[in-house]
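**Q** need a structure here:
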Amino acid sequence: MLRDIRTFGKILRAITTRDPAARVRRFYEFTDPENDFAGQQTRYVNIGYWQYPDSTLDEAGAALATCLGDAVALGPDHDVLDVGCGYGEQDFLWLGTGKARSVTGVDVTPRHVLAARERAERAGLTDRLAFRMGSATTLPFPDDSFDRVVSLDAAFHFHPRSAFFAEAYRVLRPGGLLGTVDTLPLHGDTPREVFRSPRFSLYRFSIPDENWHDRAAYAEQLTGTGFAEVGVRSIREHTWEGWFRHWGDPGRASTPDWWQDQDQIRRELDLLDCVLAVARKPG
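**A** Modelled structure (predicted):
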């Protein structure tokens, strides 16, 4: 009972603070990693790319990271910036598969950054893999620092996302690519108030109004920032739909508490899109 009260207090502080970075940080700090990732080998903080009916959470998380890496053509000569990196799972994957020369991860949640740093130290990768606290909208790097800037299932939190686009443009070298996997409403006029299930409540409370628009507006913002060769396509059939099939599998031994109202989750899920966006800085 006491634990439930404390958890409720953390959630209440997370959704009522006016500081956007604090809201995101608190949202991820009240979760229990040992419980969230129980039975998993990895700590991907994404909805997954579900290529096969029997994909595991680990496989789907890695597949979405690979999908993003391939979309921006990550290569061994690239210095990569990962914004909203979470526990950095995708960064270890990209570096370990020869997809980057170096990766720098930035996140606002101390728990994420500390865990990723400690893992990099244990693996002896600190010369090529670094993690630091930082805001997506005021990136702590000089102009023209990276060949690729990526954000995997995180940019909907950035306040506002358009400021992140501007910062990504600034720190990219000429000719560099920005790539994101992001959650949006399928239709820009969908009211956020309809998201009432525990799983999707973050879209009601945690996403800035400025970020609540469809993929056409997303592309317009990228173009307006100065990016060229902008492409924004939906991948919801392989992300949200696969995610729903995984958690709704009647053969599952157990389901999380937030899955109690499956019909409500289905109705809300039908309002969401997941996009893969790629844009190039001219030069």
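**Q** these two touch, right, residue 199 and residue 261?
**A** No: using CB atoms under 8 Å, residue 199 is not in contact with residue 261; the gap is 9.3 Å. From N, CA and C alone the C-beta is placed, and that goes for glycine too.
**Q** which parts of the stretch 51-200 of the chain are strands?
**A** Ranges of strands in the stretch 51-200 of the chain, per DSSP state E, counting those that start in this stretch, are 79-83, 102-107, 129-133, 146-152, 172-185.
**Q** partner strands of the fourth one and their direction?
**A** When pairs are called by DSSP bridges, strand 146-152 turns out to pair with strand 79-83 (parallel), strand 172-185 (parallel).
**Q** higher neighbour count, residue 199 and residue 261?
**A** More crowded of residue 199 and residue 261, by other CB atoms under 10 Å: residue 199, with 18 against 14.
**Q** residues near the closest residue to the more buried one other than its chain neighbours, how many?
**A** Distances taken as CB to CB, 6 or more residues apart in numbering place residue 258 nearest to residue 199, at 4.5 Å, with adjacent residues excluded. Using other CB under 10 Å, residue 258 has 13 other residues around it.
**Q** and for residue 34?
**A** Neighbours around residue 34, by other CB under 10 Å: 7.
**Q** try the one 10 residues further on
**A** Other residues near residue 44 come to 24 when the count uses other CB under 10 Å.
**Q** for residue 63, see how far away it is.
**A** 10 Å (CB to CB, to the nearest Å).
**Q** try residue 180
**A** Counting by CB to CB, the gap from residue 180 to residue 63 is 17 Å.
**Q** of the two, who's got more company?
**A** Comparing residue 180 with residue 63 by other CB under 10 Å, the one with more neighbours is residue 180, at 30 against 21.
**Q** for residue 88, what are phi and psi?
**A** Residue 88 adopts backbone torsions of phi 80, psi 20, taken as degrees, to the nearest 10.
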